[in-house]
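K.L.:
My questions concern the predicted model and sequence given below.
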Amino acid sequence: AGGLERLVVVKRIPRKVTQNVELMKAFLAEAHIASRLQHPNIAQVFEVGKLGGSYFFSMEYVNGETLRALVEHAKAK
């Protein structure tokens, strides 16, 4: 509605995994803790929710290398 566009990342838990209570608690705790953090070096969380039986949170997209790529590069060195 006003031309506002934002590139985001959606982190979600598939419906088939929602029976794992400990995993669900950890996922939701991560989402809620991250949503309270405000720092230029931490991706901002925009929304936490549940859609069609799958929990998710959306957060700011940060362009750059993945942690996996950095670790692999460090191992190679």
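P.N.:
Received it, and whenever you're ready, just let me know what you need. Remember, it's a predicted structure, so these values are computed and weren't measured experimentally.
K.L.:
Quick one: low-confidence residue ranges for the chain.
P.N.:
Along the chain, segments meeting pLDDT under 70 span 1.
K.L.:
And the strands in it, which stretches?
P.N.:
Using DSSP state E, the strands found in the chain span residues 8-13, 45-51, 54-60.
K.L.:
so of those, which one's packed in deepest?
P.N.:
Of all the strands of the chain, strand 54-60 carries the top mean neighbour count, a mean of 17, counting by mean count of other CB atoms under 10 Å. In short, each C-beta sits where N, CA and C put it, glycine included.
K.L.:
so that strand versus strand 8-13, what angle?
P.N.:
150 degrees (axes from the mean of the first three to the mean of the last three CA atoms, to 10 degrees).
K.L.:
which strands and helices sit next to strand 54-60?
P.N.:
Packing partners of strand 54-60 (3 or more CB pairs under 8 Å, 6 or more residues apart in numbering; DSSP states H and E): strand 8-13, helix 21-36, strand 45-51.
K.L.:
Ok, which of these comes nearest E65?
P.N.:
Among these, strand 8-13 comes nearest to E65, with 14.8 Å by CB to CB.
K.L.:
what angle sits between that closest one and strand 45-51?
P.N.:
Angle of strand 8-13 versus strand 45-51, following the same axes, to 10 degrees, is 40 degrees.
K.L.:
Just the residues contacting strand 8-13, thanks.
P.N.:
If you take CB atoms under 8 Å, 6 or more residues apart in numbering as the criterion, strand 8-13 is touched by 23-24, 27, 31, 43, 46, 54-61.
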